[in-house]
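> Return atomic coordinates for the entry below.
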Amino acid sequence: MDLETPLRSLLASLGLELYDLELVKGTLNVVVNKPGGVDLDSLTRANRAVSEWLDLNDPIEGRFTLDVSSPGLERRLRTAEHFRSALGEVVTLRERREGQPTRRLEGPVVAVSDDSVTLEDASAGPVEVRIDSLERARTVFQWGAVAKPSPSRGTTSSTTSKKG
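Below you'll find the model as predicted:
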């Protein structure tokens, strides 16, 4: 059964968007978002609504745990739509490459197609990666403002003191 369509509609009625949906190792992960971020009250309402819908429709065989959460500061990126929402943001990813070691890249997302993402990696420059070759990817939260370069950075300064 397609869970995405009915859950997307259910969450939209609560003013939320379905960011991600995944059933992994007996846990149904439902990640919701809304402009300005998700508060605890919104998560509570979403959890109740999704739980009631699942009880009523019973779309998943066997036992499972429901986990409703927000994407968080460093949100996971799995789909082209996720990467489109991160255009211009710094992301980190691990790319599986056949016959070669896993490659780690980090940089701002500069372009996204339906099947690939392009980053401006600090050491490798622009790199296009197929989304289906990603082992994992997430946005990178950067605390505070980035320090601006100053002429005195990187130079050694000395101080003198007077004894008096």
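> And the contacts of the top helix by length along the chain?
Across the chain, the longest stretch assigned as helix under DSSP state H is helix 40-57. Helix 40-57 is contacted from outside by 1, 6-7, 10-11, 14-16, 28, 30, 32, 34, 60, 66, 68-70, using Cβ atoms under 8 Å, 6 or more residues apart in numbering. In this view, the C-beta of every residue, glycine as well, is placed from N, C-alpha and C.
> what's the helix or strand following it packed up against?
Downstream of helix 40-57, the next assigned helix or strand under DSSP states H and E is strand 65-69. Packing contacts for strand 65-69, counted by 3 or more Cβ pairs under 8 Å, 6 or more residues apart in numbering; DSSP states H and E, involve strand 27-33, helix 40-57.
> residue ranges of the helices in the protein, please?
Applying DSSP H to the chain gives helices spanning 4-12, 40-57, 80-84.
> ranking those by burial, who's on top?
Mean neighbour count (mean count of other Cβ atoms under 10 Å) peaks for helix 80-84 among those, with a mean of 18.
> Output that helix as PDB, nothing but the C-alphas.
What follows is helix 80-84, C-alpha atoms only, in PDB (Å, rounded to 0.1, in the frame of the first residue of the first chain):
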ATOM      1  CA  ALA A  80      16.100  15.000  -5.500                       C
ATOM      2  CA  GLU A  81      13.400  17.000  -3.800                       C
ATOM      3  CA  HIS A  82      15.400  17.000  -0.500                       C
ATOM      4  CA  PHE A  83      18.500  18.300  -2.400                       C
ATOM      5  CA  ARG A  84      16.400  21.000  -4.200                       C
END
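> Can you give me the domain assignment for this protein?
4-69, 80-139 (automatic domain parsing).
> so where is this protein shaky, pLDDT-wise?
Across the chain, the ranges flagged by pLDDT under 70 are 1, 144-164.
> Longest strand in it, by number of residues?
When the chain is parsed with DSSP state E, its longest strand is strand 100-112.
> returning to that earlier point: for residue 98, find the nearest of the helices of the chain.
Of all these, it is helix 80-84 that lies closest to residue 98, at 21.5 Å by Cβ to Cβ.
> Show me what the closest one is packed against.
Helix 80-84 is packed against strand 100-112, with contacts defined by 3+ Cβ pairs under 8 Å, 6+ apart.
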